[in-house]
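Undergrad: Predicted model and sequence below, questions to follow.
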Amino acid sequence: MTPTPVQEAMDGLSELYYLLHEEDMWAGLWTKKAKYNETNIAICYEQQGFFEQAQGAYELAMSKYRTDVASKPIPTSAMQEVKLWEEHWLRCSKELNQWETLLEYGSSNNINNPSLIVEAAWRVAGQWGVMKDALQQVEQASPREMSWKVNLYRGYLAICSPDDPHLAMVDRYVEHASSLAMREWKRLPRLVSHIHLQLLQAAQQVMELQEAAQIHQGLLHGRQNSLQDMKAIVKTWRNRLPIISDNLSHWNEIFTWRQQHYQFIANHYNQESDQASNHSMLGVHASAQAIIHFGKIARKQNLTSVCLDSLSKIYTIPSVPIVDCFQKIRQQVKCYVQMAVSGGKNELQEGLEVIESTNLKYFTREMTAEFYALKGMLLAQIGRSEDANKAFSAAVQMHDTLVKAWALWGDYLEHLFTRETGGRNMKFGVEAITCYLHACRHQNESKSRKYLAKVLWLLTYDNEQLELAEAVDKYMTGVPPIQWLPWIPQLLTCLVRNEGKLILNLLSQVGRMFPQAVYFPIRTLYLTLKIEQRERFKAGELADRRSSSPGQPQPVEPAAAAAGGAQGAETGPIRATAPMWRCSRIMHMQRDLHPTILSSLEGIVDQMVWFRENWYEEVLRQLRAGLAKCYAISFDNRASVSEATITPHTLNFVKKLVSTFGIGVENFSSSVSGNYG
């Protein structure tokens, strides 16, 4: 069956998108051309990062295809879809860290994929010989765009191959890989996009190949300063990490490569004298940290099975430092909590068993306190509320500055307050606010931001006795004022409400340290409240005049009589409201504390009144306003935009704009608009 021109065009476009790594465009195209529904399901899963489900969908599509082949002839156009299944099944396996399976698949007789063997063999322990044989086959038929990777793998073998190491050749391989990668970069489109990512990642891999060679040369040849150089490289590796959105296969490549050299460092110093055993622990600690960090990234990418599998490998390292054991258990518990979102309470119970089976006597008080806090979180989610409260209480008693414990306790109490009691039991609300404010005392602004946001949100549940606001006023003293700066607009909103008298002290404390950040917003609020109060007074006065008889004398307001004079006729009859009084009090306090700064700020505000638009800035603003009006009309008539007619209001605006071009609509007499009628 000959493909139609449309099918050929779609096939070519699909190949182009695939080569450019434009995954979203490629996926969108395949939703139109795929013949099997399982293909679309698998692609959607893969797009969202659900590689386990995607892998299962690809396997289902393959089994369905085998059934169809046995029962009826399949058109040749379906072969491209079959190829897609294989390629993306392999990709899912790579992201799921299934390198043993991939090595077995690539080595099978009916497949024999040497490039896959090269990619998988060095990640599987003790397979350098297999990799060397496969690389010789790849070199003979390597595509040009992969030449840099061939030289990179040659460098890997030159350092790590136990049978035939060639450390002296590594610099040459590094130079070749670098120049070939840069040549490939120049060949790509100038606009940096997804296709460039693999070359940016290659830059890190080539750099770490060179640094690994330096570690081996320094330690094997006993060079002077080799220990300091090795420590510097290990520290650099710890700080030089891929970004979290990079594919997990790239993270695996970086960490697996580093593991080879961490183990080399540990083994090298273990073979030397006893004084060198401390240096071997550097390799052990770095190796454990790499395993834990890889597990953490797998968890953040929602690949929990990869996370648990990675964390279990830490037991292959002899004499792991206690801090690494703590980090491993912590990540393991977090992983079970994440799995419980879809799996239910069984995973929570497994996480609880991990903590309860841990011998806590080897850990520091801070570590033990965090274990108790995590235990409280798990118990709360299982539904054992009383045990959870005891665990949280034990955690903060053991280490009262542990942010994590206070925050988790606050989350638990907030859940009780808002979900289980519907905001009626104020005791839980007060305790939740207390915990959140304690959590904000010992960390920086960016990390405490979410806790202060919850405090302000909980204030919306306050009752007439203002119990929650009193809790904020009582426990805010330990929170550094700088942490409240992003929330000044929200605090001003609270200042206007009933709880304002209790927020007054908090805003005064923040304004004492950061006068400019508080003064401008509170000045604006004060003037806004003043204008609103004046308008209310005028509206009330007008209503009184209308209701009274014409011959009856008007009563004099007490505020007007107190104000007196000509100025009193303008602004006198305005009684200051409670929010206005609070704003005024804070501003007076700031003027007393920072007179020079505030007089400068007032001068800046006065000078800003002088700023005026140029004529072309004004015209541009008017044109943009006209364009916005046209967009609004087209949106209202979006079913038939071409048939939409301009409204009289917009037409009048455009006519005014033409007549006043460069003069300004505001300076143009409104009577002119009547001439267009």
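TA: All right, it came through fine.

Undergrad: CA only for contacts and neighbour counts going forward, please
TA: Noted.

Undergrad: Buried residues, the host helix or strand of residue 655. List them.
TA: Under the criterion of DSSP states H and E, residue 655 resides in helix 648-659. For helix 648-659, burial by neighbour count (16 or more other CA atoms under 10 Å) applies to 651, 652, 653, 654, 656, 657.

Undergrad: what do you get for stretch 531-545?
TA: Of the residues in stretch 531-545, those buried (16+ other CA under 10 Å) are 533, 534.

Undergrad: Extract the C-alpha set from it and format it as PDB.
TA: Provided in PDB are the C-alpha atoms of stretch 531-545 (Å, rounded to 0.1, in the frame of the first residue of the first chain):
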ATOM      1  CA  ILE A 531     -10.700  60.400  50.500                       C
ATOM      2  CA  GLU A 532     -13.300  57.600  51.000                       C
ATOM      3  CA  GLN A 533     -14.300  59.100  54.400                       C
ATOM      4  CA  ARG A 534     -14.700  62.600  52.800                       C
ATOM      5  CA  GLU A 535     -16.900  61.200  50.100                       C
ATOM      6  CA  ARG A 536     -19.000  59.300  52.600                       C
ATOM      7  CA  PHE A 537     -19.400  62.500  54.700                       C
ATOM      8  CA  LYS A 538     -20.400  64.600  51.600                       C
ATOM      9  CA  ALA A 539     -22.900  61.900  50.500                       C
ATOM     10  CA  GLY A 540     -24.400  61.900  54.000                       C
ATOM     11  CA  GLU A 541     -24.500  65.700  54.200                       C
ATOM     12  CA  LEU A 542     -26.200  65.800  50.800                       C
ATOM     13  CA  ALA A 543     -28.800  63.300  51.900                       C
ATOM     14  CA  ASP A 544     -29.500  65.300  55.100                       C
ATOM     15  CA  ARG A 545     -30.000  68.500  53.100                       C
END
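
Undergrad: What is the distance between it and the centre of its chain?
TA: 50 Å (CA atoms, centre = their mean, to the nearest Å).

Undergrad: Contact partners for residue 57?
TA: Counting by CA atoms under 8 Å, 6 or more residues apart in numbering, residue 57 touches 38, 39, 41, 42.

Undergrad: need the next SSE after whichever strand or helix holds residue 228, C-terminal direction.
TA: Assigning secondary structure by DSSP H and E places residue 228 in helix 226-239. Moving toward the C-terminus from helix 226-239, the next helix or strand (DSSP H and E) is helix 248-270.

Undergrad: mind saving the C-alpha coords of that following helix as CSV?
TA: Provided in CSV are the C-alpha atoms of helix 248-270 (Å, rounded to 0.1, in the frame of the first residue of the first chain):
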residue,chain,number,x,y,z
LEU,A,248,17.2,11.3,34.9
SER,A,249,19.4,9.4,32.5
HIS,A,250,21.7,12.4,32.4
TRP,A,251,21.8,12.6,36.2
ASN,A,252,22.6,8.9,36.3
GLU,A,253,25.4,9.3,33.8
ILE,A,254,27.0,12.1,35.9
PHE,A,255,26.6,10.3,39.2
THR,A,256,27.6,6.8,37.9
TRP,A,257,30.8,8.3,36.4
ARG,A,258,31.6,10.0,39.7
GLN,A,259,31.0,6.8,41.7
GLN,A,260,33.8,5.1,39.8
HIS,A,261,36.3,7.7,41.1
TYR,A,262,34.9,8.0,44.6
GLN,A,263,35.4,4.2,45.0
PHE,A,264,38.9,4.6,43.5
ILE,A,265,39.7,7.2,46.1
ALA,A,266,38.4,5.1,49.0
ASN,A,267,40.2,2.0,47.8
HIS,A,268,43.5,3.9,47.2
TYR,A,269,43.7,5.2,50.7
ASN,A,270,42.4,2.0,52.3
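
Undergrad: Now do it: everything it contacts.
TA: 94-97, 123, 160, 201, 205, 212, 215, 219, 242, 276-277, 279-284, 286-287, 290-291, 294, 297-298.

Undergrad: how does it look with 7 Å?
TA: 94-95, 123, 205, 212, 242, 276-277, 279-281, 283-284, 286-287, 290, 298 (CA atoms under 7 Å, 6 or more residues apart in numbering).

Undergrad: Let's test this: mean pLDDT of whatever helix or strand comes next after it, rounded?
TA: Going down the chain from helix 248-270, the next helix or strand is helix 277-300, by DSSP H and E. Mean pLDDT, helix 277-300: 88.

Undergrad: what comes up buried for helix 277-300?
TA: Here helix 277-300 shows 277, 279-299 as buried, counting by 16+ other CA under 10 Å.
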